[in-house]
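Asker: Dropping a prediction and its sequence here:
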Amino acid sequence: MEMIIDFPGGARVDAHFGGMTVKTDQPTMGKEVTDPTPFALFLSSIGTCAGIYVLGFCQQRNLPTEGIRIVQRVNRDNASGMVDLIDLEIQVPESFPAKYYESLIRSADLCAVKKHLANPPKFNVFTKVVDPA
């Protein structure tokens, strides 16, 4: 997969791939942020990825998804400021069958984003001169 990252102005940085654009922004003094920061987008990919698996589990079993939501809490280490714990709380309505609670957790654990964090890829960052024409 190839993504093109460009700089449309101000503190905005956008990613283009598969005919879509993901817009990001950074807060700066006196400027309203209109899109998520790259890090917030990254963090949201964890919960939404888990959500895809929970949704799929429910859909495969014809279980209702109304009232189900995932609350993601991000905890940071006070000394380093780095994220050291992410909680994913799967909230279900009282009517949701209790026998599926553990299966919902196992489904969320299948999240590809979470798996990549557990086994991170290597990065190769380099420059290349290109002809603007």
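Answerer: Thanks, I have it. Numbering: from 1, shown residues only.

Asker: What helix or strand is S44 located in?
Answerer: Using DSSP states H and E, S44 maps to helix 38-60.

Asker: what's that helix packed up against?
Answerer: Helices and strands touching helix 38-60, as assessed by 3 or more Cβ pairs under 8 Å, 6 or more residues apart in numbering; DSSP states H and E, comprise strand 20-24, strand 69-76, strand 83-91, helix 101-109, helix 112-118. Where C-beta positions appear, they are placed from N, C-alpha and C, glycine not excepted.

Asker: contacts for the second one?
Answerer: Okay, so that is strand 69-76. Contact with strand 69-76 is made by 43-44, 46-47, 50-51, 54, 82-91, 108, as judged by Cβ atoms under 8 Å, 6 or more residues apart in numbering.

Asker: Any chance of a ChimeraX selection covering the buried ones in those residues?
Answerer: Buried members of the contacts of strand 69-76 can be picked out in ChimeraX with the line below, counting by 16 or more other Cβ atoms under 10 Å:
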select :43,46,47,50,51,54,88,90,108
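
Asker: okay, now the closest residue to R61 other than its chain neighbours: neighbour count?
Answerer: Once flanking residues are discounted, R61 sits nearest to Y100: 7.6 Å by Cβ to Cβ, 6 or more residues apart in numbering. Burial of Y100 is recorded as 15 neighbouring residues (other Cβ atoms under 10 Å).

Asker: And the pLDDT at Y100?
Answerer: pLDDT for Y100: 97.

Asker: Settle this for me: it is touching L63, isn't it.
Answerer: Yes - shown here, Y100 and L63 form a contact pair, counting by Cβ atoms under 8 Å, at 6.7 Å.

Asker: now the helix holding S44 against strand 20-24, angle please.
Answerer: Here the directions of helix 38-60 and strand 20-24 differ by 130 degrees (axes from the mean of the first three to the mean of the last three Cα atoms, to 10 degrees).

Asker: ok so, going back, Throw the helices and strands packed on helix 38-60 into CSV and include distance to Q59, thanks.
Answerer: Shown next, in CSV, are those (distance: least, Cβ to Cβ, whole Å):
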stretch, distance to Q59
strand 20-24, 23
strand 69-76, 16
strand 83-91, 15
helix 101-109, 11
helix 112-118, 18
